[in-house]
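Peer 1: Curious how this folds, go ahead:
(2 chains)
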Amino acid sequence: MNIVEKTEARIKEEIVRAVEAAELASPEDMPSVVLEQPKDKQHGDYATNMAMQLARIAKKNPRQIAEDIVEHFDKSKASIEDMEIAGPGFINFRMNNTYLADLVPSILEEAETYGKRGEKRNERIQVEFVSANPTGTLHLGHARGAAIGDALCNILDAAGYDVEREYYINDAGNQITNLAYSVEARYMQAIGKEWDMPENGYHGADIIELGKKLVEVDGEKWADADKEERHRHFRETGLRYALEKIETDLQDFRVTFDEWFSETSLYEGDNIQEAIGVLTEKGLVYDEEGATWFKTTEFGDDKDRVLVKNDGSYTYLAPDIAYHKNKLDRGFDTLINIWGADHHGYIPRMKAAIQALGYEEDTLEVEIIQMVNLFENGEKVKMSKRTGKAVTLRELMDEVGVDAMRYFFAMRSSDSHLDFDMDLARSESNENPVYYIQYAHARIATMLKQAEEKGLHTGRFDGSLLTSEKEIDLLKRLGEFPQIVDDAAVNRTPHRVTQYAFDLASNLHSFYNAEKVLDADNPVRTASRIQLMQAVKQTIKNALALVGVQAPDQM
RNA sequence: GUCCCAAUAGCUCAGCUGGAUAGAGCAACAGCCUUCUAAGCUGUAGGUCGUAGGUUCGAAUCCUACUUGGGACGCCA
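Peer 2: Next up, the predicted model:
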């Protein structure tokens, strides 16, 4: 806990104590204390609505309750200068804000761990995201999923959860067979044979290229090879090639995974039969019209779902249930799946599976990522100019850079559609929030460098000199950071962090224009402000790191 | 037809699990560089929170119905 959190906790404790002392509520009836920072500074530094919450319990007028609380409140318990009752019964606290300056040395000491929770929560969370089929390149939907998923993982980790990132490789279905046949066809064509592409083949240029490459590597040795062996080979190489490409794209996008989980591995073990077995034992499986069904309606789904088709093969759901059983068997407390909006209809049956396997419905959380629309020159970009197909993650990365993409994709609540303005993302101006924030960081870097050149960089820190309005604003903002991270983690809302970085940058720019840091005539204040700047710089960097954005020292 | 998400300033969006006069950014208007990066700052203007009900001390927030936009409703993955 930093000094701000400690102070807030102390105020809350004292509110509870005062309520009890005034005999307004017993401990059982005690509402949870809400302490908020009023939007309007006129209302003080903190406010609580406790009196209103108690109105029903104490059966008294809220303003009268507020007076009782204030009467029994010991102001010396926290750095409280003044209290007042306002509006319908708010109690406003005006703080003696000098305590805030203690933040600076503590942030500098914590450095890159500032914002991170000290103690672990002992909760293991697995986040599965991207999981794009290995049959093509990653497009923008995957990119947003990757940006939000990775940011969420960073945030959960910072908030004290044990996090594992996983990518589920759909390497077992028909699509992979099609991929194998497509690679085979391109290989054969590359050595001059007439060979038709499969009906649902992948016609992308990359597969043509792969065909040629395989000829370079192996010559014509596969032309007359045993059919089964040949198919296995093209299947494996096609897969490996596609996965490598995906992994490279993601790495360049600064997203890495702890685990790449293969669907095929579920088939190799007895996992799918086992999972179906568990459901069968519970009487949740039946046969009808030659297929095997899972009674998902028992758990609120619209209709029951097929597990085994009448041709004996599994639907997608069957291995997916086995997969989730596997995840649960690995001992995670919570599973978070990040899915595109087009998969939301799948949630009820997957939640049904989780419950059928004997777990609480909430053990699985599904975060739905809404669609991305690209805009350029004010117009919607439907297709890539280069390929005529959907714009890929790689293309956009080349166009606007990773920082802009990571920030833009994470900056909106995930359940709201995202309009991605390419001109804005590329723009090097204050309109672009990424530049705005990075510029704040770079500005500080410049100041620090000059301070060093002028020999002003060393000196005693005296927090009592940081009392201007802008300095207090900055300090308050700095103090919020751990709580923001915590909120973003608990509510699964990474955009809170992008928002915070922007607000902090805004406070910095505002301070910068109002006050001068480097002042040779005032070395102690200069040293104190330099350390404040270092704390701001560190915090901006930490916040950006959570969402995968770099913090350069110069622009 | 059923289900999910959205609807807040001209535009793009926040709104911290029900609180005070609903906030940012952009666009508009008016200012600020002999001073640490003007890629910045300060100010003004801009709102019936989609509509209608309901819940209560109090609703953008919770409930119901409706309207509009997007998506999903396979023995595809």
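Peer 1: Quick one: residues contacting the residue of the stretch 301-450 of chain A at minimum distance from RNA strand B.
Peer 2: Across the stretch 301-450 of chain A, the shortest distance to RNA strand B (C-beta to the nearest atom of the strand) belongs to A:N430, at 1.4 Å. The C-beta positions use only the backbone N, C-alpha and C, and glycine is treated the same way. For A:N430, the contacting residues are A:436, A:439, by C-beta atoms under 8 Å, 6 or more residues apart in numbering.
Peer 1: helix, strand or coil for it?
Peer 2: The local conformation at A:N430, judged by DSSP: H, G, I helix; E, B strand; the rest coil, is coil.
Peer 1: Please determine how far it is located from A:R477.
Peer 2: 19 Å (C-beta to C-beta, to the nearest Å).
Peer 1: Please apply the same query to A:F502.
Peer 2: 11 Å.
Peer 1: what do you get for A:A205?
Peer 2: Distance from A:A205 to A:R477, by C-beta to C-beta: 49 Å.
Peer 1: who's more crowded, the two?
Peer 2: Each of A:A205 and A:R477 has its neighbours counted (other C-beta atoms under 10 Å); A:R477 has more, 19 against 8.
Peer 1: contacting residues around the more buried one?
Peer 2: Counting by C-beta under 8 Å, 6+ apart, A:R477 makes contact with A:503-504, A:507.
Peer 1: For whichever residue of the stretch 51-200 of chain A sits closest to RNA strand B, list the residues it contacts.
Peer 2: Proximity of the stretch 51-200 of chain A to RNA strand B (C-beta to the nearest atom of the strand) peaks at A:G173, 2.7 Å away. Applying C-beta under 8 Å, 6+ apart to A:G173 gives the contacts A:263, A:316.
Peer 1: swap in A:L374?
Peer 2: So A:L374 contacts A:140, A:380-381, A:391, A:396, A:420, A:422 (C-beta under 8 Å, 6+ apart).
Peer 1: swap in A:D162?
Peer 2: Contact analysis of A:D162 by C-beta under 8 Å, 6+ apart lists A:120, A:122-125.
Peer 1: In strands, which of those appear?
Peer 2: Among the contacts of A:D162, the members falling in strands (DSSP state E) are A:124-125.
Peer 1: Find the nearest non-adjacent residue to the residue nearest the centre of chain A, please.
Peer 2: With distances taken as C-alpha atoms, centre = their mean, A:L152 lies nearest the centre of chain A, 2.2 Å away. Spatial nearest neighbour of A:L152, excluding adjacent residues (C-beta to C-beta, 6 or more residues apart in numbering): A:P494 at 5.2 Å.
Peer 1: The one you found: how many residues sit nearby?
Peer 2: By other C-beta under 10 Å, the residues close to A:P494 number 30.
Peer 1: OK, contacts around it?
Peer 2: Taking C-beta under 8 Å, 6+ apart, we find A:P494 in contact with A:148, A:151-152, A:155, A:410, A:414, A:488, A:546-547.
Peer 1: at 10 Å instead, please
Peer 2: Applying C-beta atoms under 10 Å, 6 or more residues apart in numbering to A:P494 gives the contacts A:147-156, A:367, A:409-414, A:488, A:546-548.
Peer 1: Those in strands, which ones?
Peer 2: Counting by DSSP E, the part of these found in strands is A:E367.
Peer 1: Can you select the buried ones from the contacts of A:P494 in ChimeraX?
Peer 2: Only the buried entries of the contacts of A:P494 go into this ChimeraX selection, using 16 or more other C-beta atoms under 10 Å:
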select /A:147,148,149,150,151,152,153,154,155,156,367,409,410,411,412,414,488,546,547,548
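Peer 1: restrict the contacts of A:P494 to contacts with RNA strand B.
Peer 2: Residues of the contacts of A:P494 in contact with RNA strand B (C-beta under 7 Å from any atom of the strand): A:412-413.
Peer 1: Mark which of the contacts of A:P494 are part of helices, please.
Peer 2: Counted as lying in helices by DSSP state H, out of these, are A:147-156, A:409-410, A:488, A:546.
Peer 1: Would you check which pair of the residues you listed lies furthest apart?
Peer 2: A:L156 and A:F409 (17.6 Å; C-beta to C-beta).
Peer 1: For the helix or strand hosting A:E365, name the packing helices and strands.
Peer 2: Counting by DSSP states H and E, the element that carries A:E365 is strand A:364-369. Judged by 3 or more C-beta pairs under 10 Å, 6 or more residues apart in numbering; DSSP states H and E, the packing partners of strand A:364-369 are strand A:124-128, helix A:140-158, helix A:317-329, strand A:334-340, helix A:347-356.
Peer 1: which parts of the stretch 251-400 of chain A sit against RNA strand B?
Peer 2: Within the stretch 251-400 of chain A, the residues that sit near RNA strand B (C-beta under 7 Å from any atom of the strand) are A:288-291, A:302, A:305-306, A:309-311, A:313, A:315-316, A:341-346, A:368, A:370-371.
Peer 1: Helices of the stretch 101-250 of chain A, start to end?
Peer 2: For the stretch 101-250 of chain A, the helices defined by DSSP state H, counting those that start in this stretch cover A:103-110, A:140-158, A:174-190, A:205-218, A:227-252.
Peer 1: Among those, show me which one is buried the most.
Peer 2: Across the helices of the stretch 101-250 of chain A, averaging neighbours per residue (mean count of other C-beta atoms under 10 Å) puts helix A:140-158 on top, at a mean of 25.
Peer 1: orientation of that one relative to helix A:227-252 in degrees?
Peer 2: Here helix A:140-158 runs at an angle of 60 degrees relative to helix A:227-252 (axes from the mean of the first three to the mean of the last three C-alpha atoms, to 10 degrees).
Peer 1: near RNA strand B at all, stretch A:464-473?
Peer 2: No. Stretch A:464-473 does not reach RNA strand B (C-beta under 7 Å from any atom of the strand); its nearest approach is 8.1 Å.
Peer 1: end-to-end on that stretch?
Peer 2: With C-alpha to C-alpha, to the nearest Å applied, stretch A:464-473 spans 15 Å between its terminal residues.
Peer 1: right, and the pair among the contacts of A:L374 with maximum separation?
Peer 2: A:K380 and A:L396 (14.6 Å).
Peer 1: Give the rounded mean pLDDT of stretch A:238-254.
Peer 2: For stretch A:238-254, mean pLDDT is 95.
Peer 1: May I have that stretch as CSV, with CA atoms only?
Peer 2: Taking Å, rounded to 0.1, in the frame of the first residue of the first chain, the C-alpha atoms of stretch A:238-254 are listed here in CSV:
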residue,chain,number,x,y,z
GLY,A,238,1.8,-26.3,-43.7
LEU,A,239,1.0,-26.1,-40.0
ARG,A,240,4.5,-25.3,-38.8
TYR,A,241,4.8,-22.6,-41.5
ALA,A,242,1.5,-21.0,-40.6
LEU,A,243,2.2,-21.1,-36.9
GLU,A,244,5.7,-19.7,-37.2
LYS,A,245,4.2,-16.8,-39.2
ILE,A,246,1.5,-16.2,-36.5
GLU,A,247,4.1,-16.4,-33.8
THR,A,248,6.4,-14.0,-35.5
ASP,A,249,3.6,-11.5,-36.1
LEU,A,250,2.6,-11.7,-32.5
GLN,A,251,6.2,-11.3,-31.3
ASP,A,252,6.6,-8.2,-33.3
PHE,A,253,3.3,-7.0,-31.8
ARG,A,254,5.0,-7.7,-28.4
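Peer 1: Measure how far that stretch is from the centre of its chain, please.
Peer 2: Relative to its chain's centre, stretch A:238-254 lies at 21 Å (C-alpha atoms, centre = their mean, to the nearest Å).
Peer 1: quick one, domains of chain A?
Peer 2: Split into domains by automatic domain parsing, chain A comes to A:3-95, A:174-252, A:374-398+A:409-426, A:430-546.
Peer 1: Tell me which of those domains approaches A:F332 most closely.
Peer 2: Using C-beta to C-beta, these put domain A:430-546 closest to A:F332, at 15.4 Å.
Peer 1: and the closest one, how far apart are its ends?
Peer 2: 22 Å.
Peer 1: same thing with stretch A:20-35?
Peer 2: Counting by C-alpha to C-alpha, you get 17 Å between the two ends of stretch A:20-35.
Peer 1: How about it, which residues are buried there?
Peer 2: In stretch A:20-35, counting by 16+ other C-beta under 10 Å, buried: A:22, A:24-25, A:30, A:33, A:35.
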